[in-house]
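A.B. asks: with the input below, show me the fold.
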Amino acid sequence: MKNRRDGLGEGSIGALFHEAHLTDEAILLFLEGELISTEKNIVDSHVRSCWTCLARRDTIERGMADFADFQNAFVAPHLPPSPAGKAVFMARLDELARELGRPSLFHSWQRAAGQFFKSLLPAQPVWITALLLAAIAVPSFYFLHKQQPLSPSELLNRAAISGEDSGMVVDQPVVVQRLRIHAKGCNLLRTVYRDMSQQRSASRTDVSATQEEAVRAEFAQSGLDWDRPLSVERYRHWRETLAVKHDAIDHLGNNLLRLSTKAPSGSIAEASLTVREKDFHPIEESLRLRDDNRIEIAELSYEVVGIRALSPDIFGAPAAPPPIQLPLPALGITSPRTFDSDAQLAMTEVQVRSVLHGLRADLGEHIDLHPIPGGLVLVDGVVVDDARRQQLLAALDSIPHAQAQLETVSQVAARQQSNSASAAPGTVALKTKVTPLLQVQLRQRFPDEHQRTAYVNLTLSMAQGASARAWALNRLAERYSPPQIALLDASSQQSLRSLLTDHLAVLREDINRLQNQLGPVLSSSSNTAAANAIVDDSIAPSVKPSENAGDWRKQVHRVYSSVETVNESVVVLLAGSATDDRDSPETIEVGLRTTLAQLQADLKVLGQQIRKPY
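C.D. replies: Numbers count the residues shown, from 1 in each chain. You can find the predicted model right below:
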């Protein structure tokens, strides 16, 4: 190796110092042993007498030792074979480290680790066990807290188990499930009753028997269960029969999961089942058939109640007791049995109303009840045809002390025509063409005339349906005053409460659907900040929990009036009116939005009032 001392100059002792202290190069040469004996003695003598140079020498020594250790431990094994000069330099560094007797940083760590593990040898079994437990616990904790992907089969299994749980413990539980179904171009509201004790079922819909039969046939053709519209078993059976399928599980937000299954063959092209993530309860099902028709089922409510909370004849009229043979009067006319008290008459009337409600005969049909003190509950009115008449007569025939006098529309028309045959002809009313106030918006939103007509008809039908529900509620409020309710026993009061609750639940849903239905055609001018301020100002003073808190009847009258206002506004906006309406479309729209928002608040208050004891 070339002597590095050549840089100092031969015989130049002064080159070792700078301002009375050794230079860094002189100290480095001294530590490397590259000074001649005379220079080495001078440097060594100076270091002994100069604390500054002694500290600098110690610092350079430690740096050289640490560098040597680092080189040996981490760098040297990965370097190519070094030239001879570097090998000598590395050997000298190692020798210097041994001469100094100071362990390097790496050696210090190594020795400390060895002493630590040596101290654990007496408790070796304990520590081995602890290490094993830690090795098991860490992955387990990771996998338990990591959300594992849910398979379609697991989702269906959990949904099936969720359906087996009634959710509450009651005596003779009955599942009451309200559904909105769309099929065959028909939207219907269906309530399904399932007796979990005696395995009985019943249902009712808000459409005609012909429409219900068409939807039911579509269910049967698509493999759906009419009695259990959201059956997980039917979905699973259809999916398992597919040789090829494509599944997907989507998180929809709001605690919802949706399983979608596409089938390349078969009558069903795609199906989906939506469940709540927290309990996997099915709430929606959708089928897209191969001809692009769709069947959509949405659950509106699901509850389990005791059978005593329902109408006694919800699963069919009980068998009538054998008639009591009474001696006939001389003229051969049977005399009706009389009631022992007004309370019996009132309770029979509630029973009749429950039967009519189950057949949707309290939603606008011209049917009236006339309790006759000391006699019968007379049911009279006009129905659409003879089939409807026979249906009502058969249901009422099982109720003692109920007598029906029903006519069909054709019978009434024939009688009126006979009575007016000799009358002078009246004036002929001229038909005037009316224009909807939202005609422009309707044409923009639905350029196709058939789509526009279908939208208007559906919206008007929804408004009229809400009006029929409000009318039924209003009739009950007018009929049942506090003295009349006092005549009822606990069971009859519960039946009355069930009537009110059912009408209210359907009405709230109708109002929600009507709001969504009107959204696409209402102009933006009725949804400005100023218009919203008018709506808020109109609602705020009236939404008070204490208002009408003691009398649910006043709240029903208020709701009925608001629903009628909504119905009239919808007719004017979408179908027009023969009268000269002075209000602008924007004014009517703001009023409609105000009334709908007010209805939401009033219906909520009414629900709280109905749940309270009478």
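
A.B. asks: mind checking the SS state of Leu257?
C.D. replies: Following DSSP: H, G, I helix; E, B strand; the rest coil, Leu257 is assigned to strand.

A.B. asks: and Thr348, by the same measure?
C.D. replies: Per three-state DSSP, Thr348 ends up helix.

A.B. asks: surely it and Val379 touch.
C.D. replies: No - the criterion here is CB atoms under 8 Å, and Thr348 misses it with Val379 at 11.2 Å. Bear in mind the C-beta positions are built from the backbone N, C-alpha and C, glycine included.

A.B. asks: what is in contact with the two at once?
C.D. replies: Residues touching both Thr348 and Val379 (CB atoms under 8 Å, 6 or more residues apart in numbering) are Ala402.

A.B. asks: more crowded one of these two?
C.D. replies: Val379 (24 against 19; other CB atoms under 10 Å).

A.B. asks: just checking, that one touches Ile372?
C.D. replies: No - checked against CB under 8 Å, the pair Val379 and Ile372 is beyond contact range at 11.3 Å.

A.B. asks: and the closest residue in space to Val355 that isn't next to it in sequence, how many neighbours?
C.D. replies: Nearest non-adjacent residue to Val355, counting by CB to CB, 6 or more residues apart in numbering: Ala395, 5.1 Å away. Neighbourhood size, Ala395 [other CB under 10 Å]: 20.

A.B. asks: so which residues of the stretch 401-550 of the chain form strands?
C.D. replies: Taking DSSP state E, counting those that start in this stretch to define them, one finds strands in the stretch 401-550 of the chain at 402-408.

A.B. asks: low-confidence stretches in it?
C.D. replies: Applying pLDDT under 70 to the stretch 401-550 of the chain flags residues 416-434, 523-550.

A.B. asks: outline the domain layout of the chain.
C.D. replies: When the chain is parsed with automatic domain parsing, its domains come out as 4-102, 113-145, 152-309, 338-416, 433-614.

A.B. asks: mean confidence score for the first one?
C.D. replies: Spelled out, that is domain 4-102. Across domain 4-102, the average pLDDT comes to 71.

A.B. asks: next: the second one.
C.D. replies: Per-residue confidence for domain 113-145 averages out to 55 on the pLDDT scale.

A.B. asks: same for the helix or strand where Met64 lies, what does it pack against?
C.D. replies: Secondary structure from DSSP states H and E places Met64 in helix 51-70. With contacts defined as 3 or more CB pairs under 8 Å, 6 or more residues apart in numbering; DSSP states H and E, the packing partners of helix 51-70 are strand 21-22, helix 24-32, helix 37-49, helix 84-100, helix 105-119.

A.B. asks: just the buried positions in it, please.
C.D. replies: Cys53, Arg56, Arg57, Glu61, Met64, Ala65, Ala68, Asp69 (16 or more other CB atoms under 10 Å).

A.B. asks: next, the angle from that helix to helix 37-49.
C.D. replies: Put simply, helix 51-70 runs at 110 degrees to helix 37-49, going by axes from the mean of the first three to the mean of the last three CA atoms, to 10 degrees.

A.B. asks: can I get helix 51-70 as PDB, trimmed to CA atoms?
C.D. replies: What follows is helix 51-70, C-alpha atoms only, in PDB (Å, rounded to 0.1, in the frame of the first residue of the first chain):
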ATOM      1  CA  TRP A  51      -7.500  17.100  26.000                       C
ATOM      2  CA  THR A  52      -8.900  18.500  22.700                       C
ATOM      3  CA  CYS A  53      -6.800  16.300  20.500                       C
ATOM      4  CA  LEU A  54      -7.300  13.300  22.800                       C
ATOM      5  CA  ALA A  55     -11.100  13.700  22.400                       C
ATOM      6  CA  ARG A  56     -10.800  14.000  18.700                       C
ATOM      7  CA  ARG A  57      -8.600  10.900  18.500                       C
ATOM      8  CA  ASP A  58     -11.200   8.900  20.500                       C
ATOM      9  CA  THR A  59     -14.000  10.100  18.200                       C
ATOM     10  CA  ILE A  60     -12.100   9.000  15.100                       C
ATOM     11  CA  GLU A  61     -11.300   5.700  16.700                       C
ATOM     12  CA  ARG A  62     -14.900   5.000  17.500                       C
ATOM     13  CA  GLY A  63     -15.900   6.000  14.000                       C
ATOM     14  CA  MET A  64     -13.300   3.600  12.500                       C
ATOM     15  CA  ALA A  65     -14.400   0.800  14.700                       C
ATOM     16  CA  ASP A  66     -18.100   1.200  14.000                       C
ATOM     17  CA  PHE A  67     -17.500   1.400  10.300                       C
ATOM     18  CA  ALA A  68     -15.500  -1.800  10.400                       C
ATOM     19  CA  ASP A  69     -18.300  -3.600  12.200                       C
ATOM     20  CA  PHE A  70     -20.900  -2.300   9.800                       C
END
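
A.B. asks: next, the angle from it to helix 24-32.
C.D. replies: Using the same axes, to 10 degrees, helix 51-70 lies at 60 degrees relative to helix 24-32.

A.B. asks: start at 56 instead
C.D. replies: Sure, I'll start counting at 56 from here, so that last one is helix 106-125.

A.B. asks: list the buried residues for whichever helix in the chain runs longest?
C.D. replies: The single longest helix within the chain, with elements called by DSSP state H, is helix 504-534. Applying a neighbour-count criterion of 16+ other CB under 10 Å, one finds 507, 510-511, 514, 517-532, 534 buried in helix 504-534.

A.B. asks: ok, stretch 292-310 next?
C.D. replies: Trp293, Arg294, Leu297, Lys300.

A.B. asks: which residues sit against it?
C.D. replies: 204-205, 207, 210-211, 278, 312-321, 323, 326, 329, 331-333.

A.B. asks: dump the residue contacts of the residue lying closest to Leu355 once chain neighbours are set aside.
C.D. replies: The shortest distance from Leu355 to any non-neighbouring residue, by CB to CB, 6+ apart, is to Arg233 (4.3 Å). By CB under 8 Å, 6+ apart, the contact set of Arg233 is Leu244, Arg245, Thr246, Val247, Glu354, Leu355, Ser356, Tyr357, Ala560, Val561, Glu564.

A.B. asks: part of a strand, is Arg233?
C.D. replies: Yes - secondary structure assignment (three-state DSSP) places Arg233 inside a strand.

A.B. asks: ends of stretch 308-320, what's the gap?
C.D. replies: Start-to-end span of stretch 308-320 (CA to CA, to the nearest Å) is 31 Å.

A.B. asks: please enumerate the helices of the stretch 556-669 of the chain.
C.D. replies: 584-594, 607-629, 640-666 (DSSP state H, counting those that start in this stretch).

A.B. asks: tell me which of those helices sits most buried.
C.D. replies: helix 607-629 (a mean of 20; mean count of other CB atoms under 10 Å).

A.B. asks: now the angle between helix 640-666 and that helix, please.
C.D. replies: Using the same axes, to 10 degrees: helix 607-629 against helix 640-666 is 150 degrees.

A.B. asks: helix 607-629 packs against which elements?
C.D. replies: Using 3+ CB pairs under 8 Å, 6+ apart: helix 607-629 touches helix 504-534, helix 545-573, helix 640-666.
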